[in-house]
Every structure is written in C-alpha cells, then in structure tokens.
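# No sequence on hand, only this structure:
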C-alpha cells in the first residue's frame, strides 16, 4: 500500500512538474511573455549612473562628447545634470509628464512641452521623450512574434509591436529579443506613416542585480545620414533608495 | 516780328485774362504737385524696403562659412566664422584691407524659444556689436522705452526686444525673460535676460519676433566665444557688391584654410532679393507712369482748351498781319510763363508736403486699418530731395510747353476768316 502511495505521489509530482514546465515554456514563447521578460530587464525601480553620449553627425562635424549624472525613480521621476565643460550646469528634471530644464545662466527653470519633447536632446539622436521613458512596453504595445534571427552570435525572437495607445511617438516597433537573456538587442522605431525613424542596437549588456541591463547602446537616426549617438552608462546602481529631494524644482533651480 | 515784342505781348495776354490764367496755372500746379509728392513717396517706399533688407538680411556683401549656405534654414551655429587661428577678427582685418569696404559688422542670427506658461513662442535673435552697427543699423535710435543694452553687464545679461513682442508677453523694460536655444555645441542654451529697452522698427515681423543681444552675451548663451555666423559688409557703393565679393574671395583663396565665402546681396537666397527689387522698381515705374499720364492729360487738356477758345483772337491777330511762326511763338511764350508759374506753385506745395511727411512719416498701418503683415516699415518716410523738386518743375513746364505746339501750329495755319468764324 505504502509503495502504491509512493508511486502515485511520484506520478503526481512528475505530472505537476511537467505541467509547470510546459506552462513556463508556453509563457516564455508567447509574444507577451517575451515582451514582459524584456521589460523586466529594462525597467527599474530606481537607477543612478554616470552617462556619456558620443554624438556623431555624419562627416560634417567632429563627434561631441557629453557627460552627465543621472538619477531616476520609476517612470515618474528623473534628474540629469550635465558635467562636460560645454554644458556644465544644464539640468533636466522629469516629474510625471512634465519635463523641466534649467541652464547654467538661467534664473528659473522652464517646462518643455508639446512637440518640443520629440526634439533632439542636447543634439543627440535621442529625443527628450526617448531619454526619459521608463514605461513598460507591454503597457503601450501589442506584440506579435514574427520569427527569429541572429544578432551577432545571439539567437533572437523578432517581435512586432503595434501601439495600443493613441498618443505615442512611435506607432510601431520591431524588436530583436535575445532568446537566452531576454534583452532587446535591437529595436527599430517606425512612424505612423511606416517610415523607419530610428534604430537602436545594444552593444554591451551587464548583469546588475540579477537583471541583464544594456549599458552601451547605439541609437541611429535613420532620417539623417551618418547621424548616431553612442550612449554609455557607468557606475550603474539599480533599485536602491534615492534621495527624493533630488526630484524637486527647488533642487533644479538651485 | 521781334521776339521781345512777342514776349511782351504774351505777358499782356496773360495779365489781360486773369481768371483764365489762374485756372490754367492752377491745373498745372495740381498736376505737378501730385507728381512731386508721388515721386517722393514711391522713392521713400522703395528706400524703406531696401534699407530693411540691407540692414538685417543681406548687407551689401555677406561673408559666411561655405557650409552654412547648405543648411541656412536650420541656422546651424556650428558652421560659423571662427577666424584662422584665434577668432573672427582675423577675417575682419583681412576684409578691411580691401578697397571699397566701408564697414564690416560681426553678427549672429539665431533662433530661440520663449516659454510662455508652457506655450512655446519662436523668436529670432541678433547678436551684434551695437557701436560698430550704429552707422548702418542704429538700433539705439529705434528704442522707444528704456535704453540700449550694455555690452558687458554684471550679473544678468541685457536684451532689447521688439515692441509688439513686449506687448504680447506683457513685459516692460526692467523685466526679465528667459530664453532657450540650441548652442553651437548642440547643447541647450538657457539664459535669463533683463530687458534694457523696447525697440520699434515699425515692421511687424521685426517688432513681433526679433530681439537683440550683445555679442558678449551670445558667447555664453550660444557657446560662441570667438565665433560669429556672419560678417555683414557694407560698401562705399552698393552697386559694386559683385566685384568686391570677387576680390574678397580672391583674398580668401590666398589663405591656407579657405572655409569662407563672400556673397553679394544680388545672389543671396537664389537672387530672391534682387528679383524683388527689380519687380518693385517695375511696379513703381508703372504706377508713376500712370500718374505722369494723368498729369499730362490735365496739362494738355488745359493748354489746348486755352488755345481753342481763343480761335477768334488768333484769327484777328492773323488778319492784322501776324505771321504763323509769330503766332506759335506767342502761344509758346504764354504757355511757358503760365506753366512756369503753375509748376513752381505745384513744386512748392508738393515739396512742402513731402518735406513735412519726410519728417513725420506716413503711417500705412493706420491708413489701412492695421493687421497687414507688411515687409516694410509701417511708417513710410517720403524722400525729400532737390532732384525731385527740379524733376517736377521741369516736367510741368516741358509738358505744357511742348503740347502747346500742336494746337498753336494748327491755329497758325488756319485762314484768318475761318478762325474768326470760329470754325476749326
């Protein structure tokens, strides 16, 4: 009897485990599952880092290097202060949907709003919206799995993301997500007209607090020949408490 | 018959019928007055447009970075004049050696944004050296409230803004505004300025969107320490802009690095300004020809009527033995005297009106009820000049004297008996 019970338990456990494994597998390969996992790697509760933007504007200009300190909490609050000589003292503060800016020679902060948010940030290939966005893609797009392809030596899922919200800059994204680490290694950004606007390629990923976090990214403006920005993050600290007073207009106007 | 006798006779005839003489002279005076005033007005209007274009847009010759032309619409501040080793003054020194150049003014035109409670207003800024600019573009004289900015001011930088802009955003001199721009290093320029003065050019575009800051402020705001976007070159003779540009470019070729180009006003913006001036000249000429034509009609009509209503008199003097040539001379002298009187009066009245309005100006906006986005100043100053007065006077005398020949010659040929019957 005891043997029978043990055999039954074993069968039940094996069945449960098999069911669990099949479910996990199924969750991972659904487009929503892939996108959720990718979001989990990219989205943070809080972040602190030292950033460098190397901005290339084709053959016309020498690359410009801009350095800054950044702190952000969730998708609501972010603070950036530029430190390179040409831009020292320029600060940005994101509070909810509002983006505030203050230059070194300004006595007060100004709000950037409307179409200005879609313009280039500090001459880079990132718009203000791009640089401040930390919202989960799954909340904004409907994903569809369209195939798989290698990026370098990494096997990737190809997801096509179509916007499910009306007010959005990029109405469609095509995303290559690493099958192992679930890191979006390449994203193409499209306008409503179908025109390819930008392309982002991840060049380096680090494991920080169990997340596979992209720390070196190339963003290319497909509308301007030879224009791209290399965005690098150093001293990245994820999901640790941050001083809330940083995210205040008072601090910005200091 | 001797000319002196005919001359005396002409004078006697003029004084004999004072009412007729006065009426003829009055008609000529009115025509000449209109010609005189319209010539002053159209010249003033044309000069107005020319001054506005030359003072801020084209100069006589513009020296810019060659690559700037390709992206002019975007106003890229990094494609600037930075000199050869140190700063733009090196290029100014080079230009000053070239014959025919009177002034070289360093300037930077740039776009900026004013944030009005979240609503962005696009403005156009000029960074300039006001002392150097004064002979060409006396901004100081256009200030209607406050004063000119100081080149170097401790603390907050100073700014002069247009009258309409000040009204729209509800500021006055002494208040502060904060502007945003893209710097020459592709960064964000964000600076608070103190309004030192409010300017009025009377051109809605200027007064609504333009502001002016010293070059020293632009060095910080735009990150252009030793750089400017253009060198505005003004010549002794603006009609020599093409050969002088050629000379400047030849000088540039002698330098090791050759990133700059001299650009005469005729070629700027694909010849847009040149074409505009040609069209304006043609338009004004057509208008003026129309006015001249009407004035001629008045004068001819008056002169001919005077002769035709005197046919019996002509018949009488012909019957008394006066020859055809003497009759023509008599009427010619009469016409010259009357037209001289009329033209003189018309020139004096027209000249006086032009002189007065050349000082006070004519407010076109008020006349048209405002609301027009004029490309020239709303206040037009007619040009008062001796050449216009002389032109008007000669016009009046010449037209009436010449056109008296036709009826006078015809009258002189008529048989005395026929003329006395009043048959033509």
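It's in. Keep in mind that what you see is a predicted model, and the values were worked out from it rather than measured.
# quick one: the residue most central in space within chain A and chain B, what's the gap?
Nearest to the centroid of the C-alpha atoms of chain A, with distances taken as Cα atoms, centre = their mean, sits residue A:42, at 5.3 Å. Distance of residue A:42 to chain B, given as Cβ to the nearest Cβ, to the nearest Å: 26 Å. Yep, even glycine has a C-beta here, placed from its N, CA and C like the rest.
# That residue reaches residue A:212, doesn't it?
No: between residue A:42 and residue A:212 there is no contact, the gap being 9.1 Å when judged by Cβ atoms under 8 Å.
# shared neighbours of these two, which are they?
Overlap of the contact sets of residue A:42 and residue A:212 (by Cβ atoms under 8 Å, 6 or more residues apart in numbering or on different chains) consists of residue A:183.
# Okay, now the unreliable bits of the chain?
All of this refers to chain A. Applying pLDDT under 70 to chain A flags the ranges A:1-28, A:59-61.
# Not quite, go with chain B.
Under the criterion pLDDT under 70, the flagged ranges of chain B are B:1-2, B:365-377, B:419-424.
# and the longest helix along it, what other elements does it pack with?
Using DSSP state H, we find that the single longest helix of chain B is helix B:268-308. Packing contacts for helix B:268-308, counted by 3 or more Cβ pairs under 8 Å, 6 or more residues apart in numbering or on different chains; DSSP states H and E, involve helix B:18-52, helix B:324-360, helix B:386-403, helix B:405-413.
# can you pull out the helices in the stretch 1-150 of chain A?
In the stretch 1-150 of chain A, the helices defined using DSSP state H, counting those that start in this stretch lie at A:2-29, A:31-42, A:128-132.
# Name the nearest residue to the residue nearest to the centre of chain A, ignoring sequence neighbours.
Taking Cβ to Cβ, 6 or more residues apart in numbering or on different chains, and ignoring the residues beside it in sequence, residue A:42 has residue A:184 as its nearest neighbour in space, at 6.9 Å.
# For whichever residue of the stretch 151-254 of chain A sits closest to chain B, list each beta-bridge partner.
Scanning the stretch 151-254 of chain A for the residue nearest chain B gives residue A:229, at 10.6 Å (criterion: Cβ to the nearest Cβ). Under DSSP bridges, the beta-bridge partners of residue A:229 are residue A:55, residue A:219.
# ok, now the one 4 residues further on?
Assessed by DSSP bridges, residue A:233 has beta-bridge partners residue A:51.
# Test my guess that it contacts residue A:215.
Yes: look at residue A:233 against residue A:215 with Cβ under 8 Å: they come within range, at 4.5 Å.
# Tell me which of these two has more neighbours.
The residue with the greater number of neighbours, taking residue A:233 and residue A:215 and applying other Cβ atoms under 10 Å in any protein chain shown, is residue A:233; the counts read 20 against 17.
# Please name the residues that touch that one.
Taking Cβ under 8 Å, 6+ apart as the test, what residue A:233 contacts is A:49-51, A:215-216.
# Buried only: go through those for me.
Those of these that meet the buried threshold are A:49, A:51, A:215-216, by 16 or more other Cβ atoms under 10 Å in any protein chain shown.
# quick one: which of those sit in strands?
Cross-referencing the buried ones among the contacts of residue A:233 with the strands (criterion: DSSP state E) gives A:49, A:51, A:215-216 as the overlap.
# Could you chop chain B up by domain?
Recorded structural domains for chain B (assignment: automatic domain parsing) are B:3-54+B:274-421, B:76-228.
# Including mean neighbour count, could those go into a markdown table?
Below are the domains of chain B laid out as a markdown table (neighbours: other Cβ atoms under 10 Å in any protein chain shown):
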| stretch | mean neighbour count |
| --- | --- |
| domain B:3-54+B:274-421 | 18 |
| domain B:76-228 | 19 |
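# and of those domains, who's closest to residue A:138?
Comparing the domains of chain B against residue A:138 with Cβ to Cβ, the closest turns out to be domain B:76-228 (30.7 Å).
# if we can go back for a sec, need the next SSE after the longest helix of chain B, C-terminal direction.
Proceeding C-terminally, helix B:268-308 gives way to helix B:311-319 as the next helix or strand, assigned by DSSP states H and E.
# what's next to stretch B:323-333, contact-wise?
The set of residues that contact stretch B:323-333 without belonging to it, under Cβ under 8 Å, 6+ apart, is B:1, B:3, B:6-7, B:9-10, B:13, B:307, B:314, B:317-318, B:322, B:401, B:404-405, B:407-409, B:411-413.
# burial count for residue 63?
In the absence of a named chain, this looks at chain A. Counted with other Cβ under 10 Å, residues neighbouring residue A:63 total 12.
# was after chain B, sorry
A count of nearby residues for residue B:63, using other Cβ under 10 Å, gives 26.
# Show me what the closest residue to it other than its chain neighbours is bridged to.
Setting aside the residues directly before and after it, residue B:63 is nearest to residue B:231 in space (Cβ to Cβ, 6+ apart), at 4.1 Å. When assigned by DSSP bridges, residue B:231 has beta-bridge partners residue B:63, residue B:106.
# what does residue A:199 give?
For residue A:199, the beta-bridge partners are residue A:188, residue A:220 (DSSP bridges).
# next one: residue A:148
Beta-bridge pairing of residue A:148 under DSSP bridges involves residue A:157.
# ok, now how distant is it from residue A:201?
When distances are taken as Cβ to Cβ, to the nearest Å, residue A:148 and residue A:201 turn out to be 17 Å apart.
# What parts of chain A come near chain B?
When proximity is defined as Cβ under 8 Å from any Cβ of the partner chain, chain A approaches chain B at A:55, A:57, A:60-61, A:64, A:66, A:82, A:86-87, A:90, A:101-108, A:110-111, A:113-114, A:116, A:120, A:122-124.
# Selecting buried members of these in ChimeraX, what would you type?
Command for ChimeraX that selects the buried part of the residues of chain A next to chain B, burial taken from 16+ other Cβ under 10 Å:
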select /A:55,57,61,64,66,82,86,87,90,101,102,103,105,106,107,110,111,113,116,120,122,123,124
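# Return the subset of the residues of chain A next to chain B lying in strands.
A:55, A:57, A:64, A:66, A:82, A:101-102, A:110-111.
# and those residues as JSON lines, adding distance to residue B:225?
Below are those laid out as JSON lines (distance: Cβ to Cβ, whole Å):
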{"residue": "A:55", "distance to residue B:225": "20"}
{"residue": "A:57", "distance to residue B:225": "21"}
{"residue": "A:64", "distance to residue B:225": "16"}
{"residue": "A:66", "distance to residue B:225": "18"}
{"residue": "A:82", "distance to residue B:225": "18"}
{"residue": "A:101", "distance to residue B:225": "23"}
{"residue": "A:102", "distance to residue B:225": "22"}
{"residue": "A:110", "distance to residue B:225": "24"}
{"residue": "A:111", "distance to residue B:225": "29"}
